[in-house]
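Participant: No sequence on hand, only this structure:
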């Protein structure tokens with residue numbers, strides 16, 4: 001009769017436990033940067049409709065002003081060839097301006113983003129010139145939301161943060177759903193109140 005098999009005294013292997021090669025070998029700064037990227041919020045894609053409609057309206061207004069000015073400059077007494085040249089040049093400028101505004105409005109979406117951190121609100125925007133805005137909560141005076149006619153048509157809203165001691169009176173975050181705008185407004189209000197308490201201490 002054969003001897004019973006000896007029990008295996010080796011510890012069980014946990015296959016779910018990450019090996020050394022699977023561990024997080026990033027530096028603290030890299031992990032913090034990755035966390036910031038994950039916390040970054042983008043605007044709702046429908047905001048491009050709002051910007052495109054606004055850009056088109058501005059282009060029509062500028063085009064009408066240019067054409068009206070060209071018509072006034074080339075009155076009935078002006079030579080026919082000169083009048084046609086000026087009007088054509090004004091129309092070309094209007095079209096070029098309209099295309100530039102529409103292109104800029106379309107490219108804005110790919111750049112616009114914001115982050116809500118513990119100390120401040122971080123905003124990054126700008127197509128040709130990148131603008132990074134930091135609004136510390138301790139300087140936030142009021143947070144509001146608004147919805148223009150075009151925003152209401154596409155179901156979006158804008159959160160406006162009024163700050164003290166800055167060059168501009170407010171910081172606006174467009175392209176939010178009404179639910180997200182309400183949530184963000186209350187969150188920023190809470191952080192501003194908490195920062196006032198911390199600053200007083």
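Facilitator: That came through fine. Predicted model, so just to flag it, every value in this text is computed and none were measured.
Participant: Centre-most residue in the chain?
Facilitator: Closest residue to the average C-alpha location of the chain: residue 112 at 2.8 Å, with CA atoms, centre = their mean.
Participant: Grab the nearest non-local neighbour of that residue.
Facilitator: residue 125 (4.8 Å; CB to CB, 6 or more residues apart in numbering). To be clear about C-beta, it is placed using only N, CA and C from the backbone, and glycine gets the same treatment.
Participant: The residue nearest to the centre of the chain and residue 42 touch, don't they?
Facilitator: Yes: Residue 112 lies in contact with residue 42 (CB atoms under 8 Å); the separation is 7.3 Å.
Participant: rewinding a little: enumerate every residue touching the residue nearest to the centre of the chain.
Facilitator: Shown in contact with residue 112 (CB atoms under 8 Å, 6 or more residues apart in numbering): 42-43, 47, 124-125, 174-175.
Participant: what are the phi and psi values for it?
Facilitator: phi -70, psi 130 (degrees, to the nearest 10).
Participant: Does the longest helix seen in the chain pack against any helices or strands, and if so which?
Facilitator: Determined from DSSP state H, the single longest helix within the chain is helix 80-111. When contacts are defined as 3 or more CB pairs under 8 Å, 6 or more residues apart in numbering; DSSP states H and E, helix 80-111 packs onto helix 47-73, strand 120-125.
Participant: please redo it, this time with the cut-off set to 10 Å
Facilitator: Applying 3 or more CB pairs under 10 Å, 6 or more residues apart in numbering; DSSP states H and E, we find helix 80-111 packed against strand 41-42, helix 47-73, strand 120-125, strand 170-176.
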